[in-house]
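Q: Structure, please.
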Amino acid sequence: MSRNKVFVTRELPAAALDRLARHCELDVWDGFLPPEYDIMLKKAHSLSGLLCLLTDRVDARLLAAAPDLKVVSNMAVGYDNIDVAAASARGIPVGNTPGVLTETTADFAFALLMAAARRIPEARQYIHAGKWQTWHPTVLSGRDIYGACLGIIGFGRIGQAVARRAAGFGMRILTHSRGNSEQSLAAGAESCDLDELLEQSDFVSLHLPLTDETRQFIGARELSLMKPTAILINTARGGVVDQAALYEALRHKAILAAALDVTDPEPIPLESPLLTLDNCLIVPHIASASVATRLKMAQMAVDNCIAGLRGEKLPTCVNTQVYSSR
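A: Below you'll find the model as predicted:
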């Protein structure tokens, strides 16, 4: 009997790949960029498992091309790159890697908040441009964080972890989420409607999944409600913000600044007008990029893949309904 074949769409930490190799025949994409969709389509017909990243499109067509597919394991918390409904219709479990990157991502969200508030990227550029001639009382003055108001939109694991960090800075914390308000109270936060949060917050941090309902959740109307001194932070998904509206808000000083770990599309085109703005800090989707966290993510993705190949329940499955029909 032939061994299960698994396609891994990027080179992962060796410890994780070595463990997976003991359970299957591995095909690991060794390019720095993601495999093109047509390449994945050609490989699909022989696959028992697919270990992919959020940059890989796994749609109904790709799934249909893989008649022997037993599992799709996504090395990410989000899974908007996968047609989960199509996988569920085939009885294919889809795994993700939740929880493990909560604290790391919360650290980074707060790092972005602080960097934008205290204008750290601008200060670095100020030196490189040869402008630092003396200490001056008004040069590069930023915004205070201690005692400010932080609005958190989306109060799941990561949003709650950000709130814990904010509490250490004596911040007033407002939340808006589909969850119940008891979580907010337990975190020492106040649950409120979206407009109230936007109007009162000095910082607004986004922690929403990308769905049809949340796409461009923050648009021109929402940005117009924010304080002209407010700063927007996004470590969720680029698609939850209308980037054209954000550009106009930043250009016309309707809000003070933005700090983005995610954009739409990714990578952001070099001709994007957002890259021309001094008050927009953009980094390349690195909120979970600590050595320890990325290794844990890879190990979780491998755990899901191995379980799927064995016909066992995935440790972290996003479509558990596939098991009730078996």
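Q: Where does the prediction get shaky in the stretch 101-250 of the chain?
A: Residues of the stretch 101-250 of the chain meeting the criterion pLDDT under 70: 180-182, 185-186.
Q: What ranges does it have for its strands?
A: 149-153, 172-176, 190-191, 203-206, 231-234 (DSSP state E, counting those that start in this stretch).
Q: Kindly reformat these as TSV containing mean neighbour count and distance to Asn81.
A: From N, CA and C alone the C-beta is placed, and that goes for glycine too. Formatted as TSV, these follow (neighbours: other Cβ atoms under 10 Å; distance: least, Cβ to Cβ, whole Å):
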stretch	mean neighbour count	distance to Asn81
strand 149-153	25	22
strand 172-176	23	26
strand 190-191	18	31
strand 203-206	28	19
strand 231-234	28	18
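Q: Minimum distance to Arg143: which of the ones you listed has it?
A: strand 231-234 (7.0 Å; Cβ to Cβ).
Q: so Leu112 sits right up against Val262, yeah?
A: No - applying Cβ atoms under 8 Å, one finds Leu112 not in contact with Val262, separated by 10.8 Å.
Q: Go ahead and confirm Ala109 touches Thr235.
A: Yes - Ala109 lies in contact with Thr235 (Cβ under 8 Å); the separation is 4.5 Å.
Q: Kindly point out which residues are neighbours of both of these two.
A: Counting by Cβ atoms under 8 Å, 6 or more residues apart in numbering, the shared contacts of Ala109 and Thr235 are Ile158, Ser205, His207, Asp261, Ala287.
Q: Just the helices from the stretch 1-150 of the chain, written as ranges.
A: Taking DSSP state H, counting those that start in this stretch, the helices of the stretch 1-150 of the chain run over residues 14-21, 37-44, 60-64, 84-89, 102-117, 120-128.
Q: In the second one, which residues are buried?
A: It refers to helix 37-44. By neighbour count with 16 or more other Cβ atoms under 10 Å, helix 37-44 contains the buried residues Met40, Leu41, Lys43, Ala44.
Q: Count the neighbours of Arg143 for me.
A: Arg143 has 18 neighbours, counted by other Cβ atoms under 10 Å.
Q: Not counting its neighbours along the chain, what's nearest it?
A: Nearest-residue entry for Arg143: Ala117, 4.5 Å, with adjacent residues in sequence omitted and distances by Cβ to Cβ, 6 or more residues apart in numbering.
Q: if we can go back for a sec, could the helices of the stretch 1-150 of the chain go into JSON lines alongside distance to Cys149?
A: Shown next, in JSON lines, are these (distance: least, Cβ to Cβ, whole Å):
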{"stretch": "helix 14-21", "distance to Cys149": "41"}
{"stretch": "helix 37-44", "distance to Cys149": "44"}
{"stretch": "helix 60-64", "distance to Cys149": "44"}
{"stretch": "helix 84-89", "distance to Cys149": "36"}
{"stretch": "helix 102-117", "distance to Cys149": "12"}
{"stretch": "helix 120-128", "distance to Cys149": "21"}
